[in-house]
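[1] Just the structure for this:
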Amino acid sequence: MKKILVMAALAICSFANAQKGTVLVGGNISYSSETRDFGNAERKSNEFAFSPKVGYQFHENWTVGGEFTVASSKDDQGVNEYKTNSSKFGAFVRYTMPLSQTFSVFADLGAGFQNQTEKDYVGSNYTKYKADGMYIGVVPALFINMKNGFGLNFSIGGLGYETLNYDNNGPDVSRFNFNFGKTASIGISKNF
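    The predicted structure follows:
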């Protein structure tokens with residue numbers, strides 16, 4: 001029994017040490033489309049987001065790096081159209097705890113700046129809004145090592161806070177998000 005425990009401990013330590021000094025590349029892509037038919041009118045919504053990350057694993061359990069998100073949404077309601085483009089750029093730190101050679105759990109703490117542009121076409125009127133702000137968030141996740149450092153990341157929500165300050169005497173918006181179990185995310189990553 002002692003030999004099995006020693007071998008298991010060595011396997012976990014060798015997995016953790018194999019990742020030290022590597023570059024982590026990963027991210028998520030999402031797309032959603034919805035059409036609603038109200039009989040005399042139809043509403044179409046499309047959303048797209050791309051969130052890459054690049055980091056350096058400087059310790060068996062710690063990774064630090066940069067993250068970026070670009071997102072776009074469009075909502076058509078007959079003659080009215082609403083478009084939103086947003087981007088986020090910042091840094092993250094990740095703590096990883098290996099459970100076995102296949103499974104690890106990790107938590108990302110990310111923070112940075114964000115901006116958003118909204119364009120509203122209501123009838124023949126056009127309105128444009130711009131906003132800048134910051135964000136911070138913690139996302140716990142599960143990593144499944146598929147082969148040679150390539151794997152899948154599974155997350156079921158997180159905790160976050162963000163602000164947006166609109167130009168031209170627009171509103172100041174602050175949001176607190178606690179969405180464990182409400183959202184699900186699957187991403188990919190590779191250690192080089």
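[2] going forward, measure contacts between C-alpha atoms and count neighbours the same way
    Will do.
[3] mind checking pLDDT for the spatially most central residue of the chain?
    Most central in the chain under Cα atoms, centre = their mean is Ser51, positioned 5.7 Å from the mean C-alpha point. What the model reports for Ser51 is a pLDDT of 92.
[4] What helices and strands are in contact with the helix or strand where Phe68 lies?
    Phe68 is part of strand 62-77 when elements are defined by DSSP states H and E. Packing partners of strand 62-77 (3 or more Cα pairs under 8 Å, 6 or more residues apart in numbering; DSSP states H and E): strand 42-57, strand 80-98.
[5] Who does the residue nearest to the centre of the chain form a beta bridge with?
    With DSSP bridges as the criterion, Ser51 is bridged to Asn28.
[6] For it, give me its contacts.
    Listed by Cα atoms under 8 Å, 6 or more residues apart in numbering, the contact set of Ser51 reads 27-29, 67-70.
[7] May I ask which two of the residues you listed are separated the most?
    Greatest spacing in the contacts of Ser51, by Cα to Cα: Ile29 and Glu67 (13.3 Å).
[8] Who has more neighbours out of the two?
    Glu67 (19 against 16; other Cα atoms under 10 Å).
[9] Excluding residues flanking it in the chain, which one is nearest the more buried one?
    Lys53 (4.5 Å; Cα to Cα, 6 or more residues apart in numbering).
[10] buried ones in the strand holding Phe68?
    62-76 (16 or more other Cα atoms under 10 Å).
[11] for His59, helix, strand, or coil?
    coil (DSSP: H, G, I helix; E, B strand; the rest coil).
[12] right, and it touches Val23 too?
    No. Using Cα atoms under 8 Å, His59 is not in contact with Val23; the gap is 11.5 Å.
[13] what residue ranges in this structure score low on pLDDT?
    Scanning the chain with the threshold set as pLDDT under 70 gives 1-19, 181-182.
[14] Regarding it, what is its longest strand?
    In the chain, ranked by residue count with DSSP state E as the criterion, the top strand is strand 125-147.
[15] helix or strand right after that strand?
    In the C-terminal direction from strand 125-147 (assignment by DSSP H and E), the next one is strand 150-155.
[16] what angle do that next one and strand 125-147 make?
    Orientation of strand 150-155 against strand 125-147 (axes from the mean of the first three to the mean of the last three Cα atoms, to 10 degrees) gives an angle of 130 degrees.
[17] Could I get the contacting residues of the residue lying closest to Asp75 once chain neighbours are set aside?
    Nearest non-adjacent residue to Asp75, counting by Cα to Cα, 6+ apart: Ser45, 4.4 Å away. By Cα under 8 Å, 6+ apart, the contact list for Ser45 reads 33-35, 73-76.
[18] Mind doing that once more with 7 Å?
    By Cα atoms under 7 Å, 6 or more residues apart in numbering, Ser45 lies in contact with 33-35, 74-76.
[19] Switch these over to TSV; also include distance to Phe89.
    Formatted as TSV, the contacts of Ser45 follow (distance: Cα to Cα, whole Å):
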residue	distance to Phe89
Ser33	25
Glu34	28
Thr35	31
Lys74	22
Asp75	25
Asp76	28
